[in-house]
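> All I have is the shape, not the residue letters:
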């Protein structure tokens, strides 16, 4: 079942902003997986690319930094006192 946002799209809402960051990270991870696996497949089929290891490691490091950013920027959990 896909993730859905129910309600109005209020861009100032911290929960909505966190949801947008999660979606952006997911797209980044999918692009990394698709593009990187394609490059490795082409390298195995055609010719070696000597810098593909470095390229993949740098992109993976960027993906990890993106994940850390998403985790650090998540909104604080509301306590029961704040909800009332």
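Structure's in. What do you need? As the structure is a computational prediction, the values presented were derived from the model and not from experiment.

> any weak-confidence spans in this structure?
Applying pLDDT under 70 to the chain flags residues 1-3, 5, 79-84.

> now the helices for it?
Taking DSSP state H as the test, the helices found in the chain are 14-45, 52-72, 80-83.

> Columns distance to residue 7 and mean neighbour count on top of the ones you listed, output as JSON lines?
Just so you know, the C-beta spots here come from the backbone N, C-alpha and C atoms, and that holds for glycine as well. Listed next are the helices of the chain as JSON lines, based on distance: least, Cβ to Cβ, whole Å; neighbours: other Cβ atoms under 10 Å:
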{"stretch": "helix 14-45", "distance to residue 7": "8", "mean neighbour count": "13"}
{"stretch": "helix 52-72", "distance to residue 7": "21", "mean neighbour count": "12"}
{"stretch": "helix 80-83", "distance to residue 7": "16", "mean neighbour count": "6"}
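
> would you list the ones you listed in CSV and tack on distance to residue 4?
Output for these, formatted as CSV (distance: least, Cβ to Cβ, whole Å):
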stretch, distance to residue 4
helix 14-45, 10
helix 52-72, 19
helix 80-83, 23
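
> Can you measure across stretch 7-20, start residue to end residue?
End-to-end distance of stretch 7-20 (Cα to Cα, to the nearest Å): 14 Å.

> roughly how far out does it sit from the chain middle?
In terms of Cα atoms, centre = their mean, to the nearest Å, the gap separating the centre of stretch 7-20 from the centre of its chain is 17 Å.
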